[in-house]
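Peer 1: structure of the sequence below:
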Amino acid sequence: MSLGINVTVRNSRANALRDAIDAGAGPGLVEIYDGARPATGGAITTQTLLGTVTCSSVSAPDASGGVLTFSAFTEDSSADADGVASWARITDSDANFVTDMDVGTAGADLIMNTVSIVSGGPIRIDSGTITEGNA
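Peer 2: Numbering: from 1, shown residues only. Model prediction:
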């Protein structure tokens, strides 16, 4: 049987992630990478940073039903490199690691309009969620 967590606890856990993203001097950052995702918070090795998208100044309202739904993101108007986006690292604005997430055009934590990134082109995240526990 899988773990079942009270919704209030799930909301608190999700809100703690939001608070960590918002903990820096400015909005949190979403760094978009190609390649294999390293161990959680692990060193970037062969992965290429494709670009950085900025969270809203408050990255998300309070979680509901164990789901944290991000506020709008500010697109990166000029991607750093060509590649296929496969994962993202979210940090606070002071570059402190918070979480690694999957990206895709459907069925991922962060939904992008396209995962085919072209250097100098835009990078846009259309939506994002963090689901806690058994929500």
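
Peer 1: contacts only, for Arg89.
Peer 2: Contacts for Arg89 (Cβ atoms under 8 Å, 6 or more residues apart in numbering) come out as Val30, Glu31, Tyr33, Ile44, Phe97, Thr99, Asp100, Met101. The C-beta positions use only the backbone N, C-alpha and C, and glycine is treated the same way.

Peer 1: restricted to buried residues, select those in ChimeraX.
Peer 2: Filtering those down to the buried ones (16 or more other Cβ atoms under 10 Å) takes a single ChimeraX command:
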select :30,31,33,99,100,101
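
Peer 1: just send the contacts of Arg89 back as JSON lines, with pLDDT and distance to Ala85 too.
Peer 2: Shown next, in JSON lines, are the contacts of Arg89 (pLDDT from 0 to 100; distance: Cβ to Cβ, whole Å):
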{"residue": "Val30", "pLDDT": "98", "distance to Ala85": "11"}
{"residue": "Glu31", "pLDDT": "98", "distance to Ala85": "10"}
{"residue": "Tyr33", "pLDDT": "98", "distance to Ala85": "7"}
{"residue": "Ile44", "pLDDT": "95", "distance to Ala85": "14"}
{"residue": "Phe97", "pLDDT": "97", "distance to Ala85": "19"}
{"residue": "Thr99", "pLDDT": "97", "distance to Ala85": "16"}
{"residue": "Asp100", "pLDDT": "97", "distance to Ala85": "13"}
{"residue": "Met101", "pLDDT": "96", "distance to Ala85": "11"}
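
Peer 1: could you dump the contacts of Arg89 into a markdown table and include secondary structure?
Peer 2: Below are the contacts of Arg89 laid out as a markdown table (DSSP: H, G, I helix; E, B strand; the rest coil):
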| residue | secondary structure |
| --- | --- |
| Val30 | strand |
| Glu31 | strand |
| Tyr33 | strand |
| Ile44 | coil |
| Phe97 | strand |
| Thr99 | strand |
| Asp100 | strand |
| Met101 | strand |
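
Peer 1: quick check, nearest of the contacts of Arg89 to Val53?
Peer 2: Val30 (4.4 Å; Cβ to Cβ).
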